[in-house]
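K.L.:
What shape does this take:
(one chain, ligands or ions: 1)
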Amino acid sequence: MSETIFEKIIKKEIPAHIVYEDDEVLAFLDITQVTKGHTLVIPKEHVATIFDYSDELAATVFSRVPKIARALQRAFPEMVGLNILNNNGEQAYQSVFHSHLHLIPRYGATDDFGLKWGTNNDHYTAEDLKALAETIRAAHEEA
Ligand code: 5GP
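P.N.:
Next up is the predicted model:
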């Protein structure tokens, strides 16, 4: 595993503006501040992407998200929403390969966050969707 900048932040080798920390999870301000309060939530254990989490690590990290989200909401009462984003792979805009969740507070239609959300209903019949769901169900790992 090659070390990412986030391992250095976890080890306090480089500074970060920490907003939450416990033994397993760290949350700190994203340096780019897409919107005010833009926060990254990361596991201290190294996992590169969502595909690498154990169930336990996922439960640990995701369980912290609502309380950090509520802290943002209390800190910035003018917030009108929150996007939670997790990029996996270069094509999906991941640039740091230590998994992280972006918590991006929203302040209105003209704040500096945007998302392209295509609508492709016309391209899929009910049969297509049934087949897709079957393919995904068949691909699940054994419990
Ligand atoms: P990704 O593109 O991988 O989903 O997001 C990586 C994020 O890490 C980017 O939003 C970027 O601004 C942030 N980032 C990169 N280097 C640093 C750093 O040294 N400190 C902090 N606080 N954030 C960083």
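K.L.:
can we go C-alpha only for contacts and neighbour counts from here?
P.N.:
Fine.
K.L.:
Look at the residue of the chain most remote from its centre and give its secondary structure.
P.N.:
Relative to the mean C-alpha coordinate of the chain, counting by CA atoms, centre = their mean, the farthest residue is Glu127 (32.1 Å). On the three-state scheme (DSSP: H, G, I helix; E, B strand; the rest coil), Glu127 is labelled helix.
K.L.:
Tell me if stretch 87-95 is near the ligand.
P.N.:
Yes: judged by CA under 6 Å from any ligand atom, stretch 87-95 and the ligand are in contact via Asn87, Tyr93, Gln94, Ser95.
K.L.:
distance between the ends of that stretch?
P.N.:
The first residue of stretch 87-95 is 8 Å away from its last residue (CA to CA, to the nearest Å).
K.L.:
contact partners of it?
P.N.:
Residues from elsewhere that reach stretch 87-95, judged by CA atoms under 8 Å, 6 or more residues apart in numbering: Thr49, Ile50, Ser99, His100, Leu101.
K.L.:
same question, stretch 14-28
P.N.:
The set of residues external to stretch 14-28 that reach it, using CA under 8 Å, 6+ apart, is 8-10, 29, 39-45, 60-61, 64, 68.
K.L.:
Then stretch 111-123?
P.N.:
Residues outside stretch 111-123 that contact it (CA under 8 Å, 6+ apart) are Val34, Thr35, Ile104, Arg106.
K.L.:
List the residues that contact the last one.
P.N.:
Read it as Arg106. Arg106 is in contact with Thr35, Met79, Val80, Gly81, Leu82, Asn83, Phe113, counting by CA under 8 Å, 6+ apart.
K.L.:
Show me which of those residues is closest to the ligand.
P.N.:
Distance to the ligand across those (CA to the nearest ligand atom) is lowest for Thr35, with 10.9 Å.
K.L.:
Next, the closest residue to His100 other than its chain neighbours: secondary structure please.
P.N.:
Excluding its sequence neighbours, the residue lying closest to His100 (CA to CA, 6 or more residues apart in numbering) is Ile42, at 4.7 Å. Taken by three-state DSSP, the conformation at Ile42 corresponds to strand.
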